[in-house]
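Asker: Sequence and computational prediction follow.
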Amino acid sequence: MADPSRQDALTIARIVRVNHAGEFGAIRIYSAQILVARRFWPDCVPSLSEMLGHERTHCAAFRAAMPARKARPCRVMQFWSWGGWLLGSVTALLGPQGIWACTAAVEAAVHRHLDDQLFFLANRDHDLQGIILAIREEELAHLHHAEEQLKSPGPALNFLRSLISIATDVLIWLSTWGDSSRMTRALKAAKRTRLARRTV
């Protein structure tokens, strides 16, 4: 890992912390959905189980990346535990369309965040960039699979997706005590700086 500036190092630590919290939340969502789906929607279980396996691997990768970047797990993982379990349970009780609407909403939000992070990390932390690139491919596959399962989503499903997307962002902010907002501001500032340099 290159030796980043103090501000860059802080942003990188926040990236790892926020991503680790998000992956932990995804584990809880999929675990709750699988529990309900085994009883009511068994056809969904194989795909959900595969995705759960991916999220566990992602979570472990971000946890392993923490020490070298002086990062620690967020202080209140209970937010992710309770929030993820509640979101997974409720959407699974709505049926397969609820499950896939949840997956599509969460994965779309994740993909957006990862793209911004990759832009920031390009010349700052190649190791972490490589980890996130590999993870992004699997998260994108989850998103595509979920969208393929959604049958003619109407206003109700679109509203549900919007609600879940907002809830995900709020949960990230609460569980990281605003680290996600500071990280987002730092990523945007870095992007503006790089674009300004290109136009000079």
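Answerer: Here it is on my side, so go on. Residues are numbered from 1 along each chain as shown.
Asker: residue ranges with poor pLDDT in this protein?
Answerer: For the chain, the stretches with pLDDT under 70 are 1-4, 172-184, 186-187, 190-191, 194-200.
Asker: any chance you could map the helices in the protein?
Answerer: 6-40, 45-65, 77-93, 96-121, 126-149, 155-175, 179-199 (DSSP state H).
Asker: Tell me which of the ones you listed sits nearest to A71.
Answerer: With CB to CB, the closest approach to A71 among these belongs to helix 6-40: 3.9 Å. Every C-beta, even on glycine, is put in place using the N, C-alpha and C of the backbone.
Asker: got the angle between that closest one and helix 126-149?
Answerer: 30 degrees (axes from the mean of the first three to the mean of the last three CA atoms, to 10 degrees).
Asker: Just send the helices of the chain back as CSV, with mean neighbour count and distance to A71 too.
Answerer: Shown next, in CSV, are the helices of the chain (neighbours: other CB atoms under 10 Å; distance: least, CB to CB, whole Å):
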stretch, mean neighbour count, distance to A71
helix 6-40, 22, 4
helix 45-65, 18, 8
helix 77-93, 19, 14
helix 96-121, 21, 13
helix 126-149, 17, 10
helix 155-175, 17, 14
helix 179-199, 14, 10
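Asker: Contact partners for N19?
Answerer: Counting by CB atoms under 8 Å, 6 or more residues apart in numbering, N19 touches 58, 62, 117, 132.
Asker: That one and H54: what is the separation?
Answerer: 14 Å (CB to CB, to the nearest Å).
Asker: List the contacts of the residue sitting nearest the centre point of the chain.
Answerer: For the chain, V110 is the residue whose C-alpha lies nearest the centre (CA atoms, centre = their mean; 3.8 Å). V110 is in contact with 22, 26, 139, counting by CB under 8 Å, 6+ apart.
Asker: do that again at 7 Å, thanks
Answerer: 22, 139 (CB atoms under 7 Å, 6 or more residues apart in numbering).
Asker: Ok, V45 next?
Answerer: By CB under 7 Å, 6+ apart, the neighbours of V45 are 34, 37-38.
Asker: Chain neighbours aside, what residue packs nearest to it?
Answerer: Counting by CB to CB, 6 or more residues apart in numbering, V45 lies nearest to A37, which is 5.2 Å off, once chain neighbours are set aside.
Asker: Test my guess that that neighbour contacts L48.
Answerer: Yes - assessed by CB atoms under 7 Å, A37 is found in contact with L48 at 6.2 Å.
Asker: can you tell me how far the closest residue to C59 other than its chain neighbours sits from G130?
Answerer: Once flanking residues are discounted, C59 sits nearest to E23: 3.7 Å by CB to CB, 6+ apart. Per CB to CB, E23 is found 17 Å from G130.
Asker: buried set for stretch 64-78?
Answerer: 65, 69, 71, 73-74 (16 or more other CB atoms under 10 Å).
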